[in-house]
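Participant: Coordinates only, no sequence provided:
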């Protein structure tokens with residue numbers, strides 16, 4: 001295979017191919033450098049087109065963060081409903097059926113041919129469809145009309161949650177395609193700029209470096225560094241301090257998603273410079289089996305805070321999940 005001459009390779013596209021965050025950081029830097037030379041009409045023309053495309057890229061990056069966090073929250077809502085199906089609803093329905101038809105009877109077997117297995121195993125859609133099948137299997141029995149109505153109500157909750165989650169997943173995919181297209185357009189514009197600046201400074205090529213931060217372009221950057229996910233447990237009446245990763249560059253517009261997986265107790269989340277902090281005037285309280293979302297400033301974060309504190313206000317151990325995301329800054 002004939003190798004492409006190295007000078008014809010778009011280094012901006014190649015070096016940001018694995019990291020949308022690197023493109024954002026590098027493009028922001030290039031945009032700022034161009035803005036220092038807008039008295040030059042050639043650079044002004046380049047900047048005008050580039051800045052408009054960069055604004056589009058920033059918007060898509062923000063949507064990726066927001067939509068991704070929202071999808072995670074919606075998935076948690078769906079899994080919470082499925083957990084209730086497994087731990088509460090199915091036992092309740094079994095009890096109602098067996099008030100009329102003993103376990104193992106012909107009618108019981110017709111209604112629960114595979115007992116609880118369809119509600120415990122399989123993907124989201126399989127378990128939701130099992131609830132619909134259960135409702136249909138009760139129709140021949142008038143004495144189960146109230147129970148059938150309850151099953152139908154729960155099916156509608158599951159089906160609605162699944163549909164919203166499915167739509168959000170589709171939105172994530174569409175945003176990813178647009179974001180990748182925008183990344184390539186920025187890379188092509190910078191490649192064009194490189195040619196223009198090489199022509200402008202062909203007698204002194206080192207001048208070209210004032211428009212680009214080449215060490216930043218070569219530095220390995222992982223998109224995962226901009227998102228922090230963790231989970232854990234905190235005992236009743238105690239607090240837990242989570243050290244924030246140094247690579248996570250939070251600011252006031254960063255986003256949080258706090259999930260309380262407990263059935264019984266409230267959890268409080270707040271930021272601190274001190275891992276032993278017991279409280280904060282600004283905090284987020286999340287009720288049992290609920291999720292809170294917002295900006296980290298709304299959860300009490302300020303520059304210098306390096307710990308997230310999780311406080312259990314109850315008397316039993318509680319499980320939690322945390323997601324923190326950097327904001328897109330211009």
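Facilitator: Ah, there it is. Small disclaimer: the values here were computed from a predicted structure and weren't measured.
Participant: what about the stretch 51-200 of the chain, any weak spots by pLDDT?
Facilitator: Applying pLDDT under 70 to the stretch 51-200 of the chain flags residues 64-76, 165-175.
Participant: What segments of it are helices?
Facilitator: 90-98, 106-111, 117-120, 124-138, 145-200 (DSSP state H, counting those that start in this stretch).
Participant: Is it possible to get TSV of those that adds distance to residue 210 and mean neighbour count?
Facilitator: In short, each C-beta sits where N, CA and C put it, glycine included. Below are the helices of the stretch 51-200 of the chain laid out as TSV (distance: least, CB to CB, whole Å; neighbours: other CB atoms under 10 Å):
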stretch	distance to residue 210	mean neighbour count
helix 90-98	68	17
helix 106-111	76	15
helix 117-120	63	16
helix 124-138	54	18
helix 145-200	9	16
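Participant: Out of those, the one nearest residue 256 is which?
Facilitator: Taking CB to CB, helix 145-200 is the member of the helices of the stretch 51-200 of the chain nearest to residue 256, at 18.3 Å.
Participant: thinking again about what came up before, how about the helices of the stretch 51-200 of the chain in CSV, adding distance to residue 48?
Facilitator: Formatted as CSV, the helices of the stretch 51-200 of the chain follow (distance: least, CB to CB, whole Å):
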stretch, distance to residue 48
helix 90-98, 62
helix 106-111, 69
helix 117-120, 59
helix 124-138, 47
helix 145-200, 11
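Participant: domains in this protein, as residue ranges please.
Facilitator: In terms of domains, the chain is parsed into 1-221, 224-325 (source: automatic domain parsing).
Participant: And the first one, how far out from the chain middle?
Facilitator: If I follow you right, that is domain 1-221. 7 Å (CA atoms, centre = their mean, to the nearest Å).
Participant: one step back: nearest to residue 218, out of the helices of the stretch 51-200 of the chain?
Facilitator: The nearest among the helices of the stretch 51-200 of the chain, by CB to CB, is helix 145-200 at 14.5 Å.
Participant: Could you list the residues in contact with the next helix or strand after the closest one?
Facilitator: Downstream of helix 145-200, the first helix or strand assigned by DSSP states H and E is helix 214-218. Residues from elsewhere that reach helix 214-218 (CB atoms under 8 Å, 6 or more residues apart in numbering): 11, 12, 15, 16, 22, 25, 26, 29.
Participant: again with stretch 77-86
Facilitator: By CB under 8 Å, 6+ apart, stretch 77-86 touches 116, 119-120, 124, 127, 131, 154, 157-158, 161-162, 165, 289, 291.
Participant: if I pick the spatially closest residue to residue 97 that is not a sequence neighbour, what's in contact with it?
Facilitator: Among residues not flanking residue 97 along the chain, residue 111 sits closest, at 5.6 Å (CB to CB, 6 or more residues apart in numbering). Contact analysis of residue 111 by CB under 8 Å, 6+ apart lists 97, 101, 134, 137, 138, 141.
Participant: Make JSON lines out of these and add distance to residue 193.
Facilitator: Formatted as JSON lines, the contacts of residue 111 follow (distance: CB to CB, whole Å):
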{"residue": "97", "distance to residue 193": "71"}
{"residue": "101", "distance to residue 193": "76"}
{"residue": "134", "distance to residue 193": "63"}
{"residue": "137", "distance to residue 193": "67"}
{"residue": "138", "distance to residue 193": "68"}
{"residue": "141", "distance to residue 193": "74"}
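Participant: quick one: which two of those are the most distant?
Facilitator: Going by CB to CB, the pair spanning those furthest: 101 and 134, at 13.8 Å.
Participant: Any idea which of the helices of the stretch 51-200 of the chain gets closest to residue 41?
Facilitator: helix 145-200 (12.2 Å).
Participant: quick one, that closest one and helix 90-98 angle?
Facilitator: 150 degrees (axes from the mean of the first three to the mean of the last three CA atoms, to 10 degrees).
Participant: Would you mind pulling the contact partners of stretch 283-291?
Facilitator: 73, 76-77, 80, 256-270, 292, 294, 298-300, 311.
Participant: Now do the buried residues in that stretch.
Facilitator: 284, 286, 289, 290, 291 (16 or more other CB atoms under 10 Å).
Participant: distance between it and the chain's centre?
Facilitator: Per CA atoms, centre = their mean, the centroid offset for stretch 283-291 relative to its chain is 17 Å.
Participant: Endpoint to endpoint, that stretch covers what distance?
Facilitator: End-to-end distance for stretch 283-291, by CA to CA, to the nearest Å: 14 Å.
Participant: Now that stretch: average pLDDT?
Facilitator: Averaging pLDDT along stretch 283-291 yields 89.
Participant: same check, this time on stretch 321-330
Facilitator: Rounded mean pLDDT across stretch 321-330 is 75.
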